[in-house]
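K.L.:
below is the sequence, then the predicted model.
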Amino acid sequence: QVQLVESGGGLVQPGESLRLSCAASGFTFSAYAMSWYRQTPGKGRELVASIDSTGGSTTYADAVKGRFTISRDKSKNTVYLQMNSLKPEDTAVYSCKAVSSRSNYWGQGTPVTVSS
């Protein structure tokens, strides 16, 4: 059974940090590129960051460059999103996605609220 389980979301003040985790199971984690998306009611779904299957290449949305870092740990089948210098506009539900040439899978999401 394929599972992507996100954790680490919560309520923080502007300028603070959070680290999101996405634990994968039920598929060959090392064969999939991984991405983090975020969604808000007004803006729809936005790609935040991606990392290739080897962890050697990453990409970021312009809005988060220099503040967010995506990484993966093959020993734990987990992808992370380190979010620093959080802003109110980062408030969203964050979901991870696993992508290969054959299939893709989504997690259920974890909410992040940045507010003073």
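P.N.:
Okay, I see it.

K.L.:
where along this protein do the helices fall?
P.N.:
With DSSP state H as the definition, the chain shows no helices.

K.L.:
contacts only, for the residue nearest the centre of it.
P.N.:
Compute the mean C-alpha point of the chain, and by CA atoms, centre = their mean the closest residue is Trp36, 3.0 Å away. Neighbouring residues of Trp36 by CB atoms under 8 Å, 6 or more residues apart in numbering: 20, 22, 47-50, 70, 79, 81, 94-97. All C-beta atoms are positioned from the backbone trio N, CA, C, and that covers glycine.

K.L.:
ok, those residues vs Val114, which is closest?
P.N.:
Closest approach between the contacts of Trp36 and Val114, by CB to CB: Tyr94, at 11.7 Å.

K.L.:
ok, Thr110 to Ala24 distance?
P.N.:
Distance of Thr110 to Ala24, given as CB to CB, to the nearest Å: 14 Å.

K.L.:
Gly42 now?
P.N.:
30 Å.

K.L.:
the two - which one has more neighbours?
P.N.:
More crowded of Gly42 and Ala24, by other CB atoms under 10 Å: Ala24, with 23 against 5.
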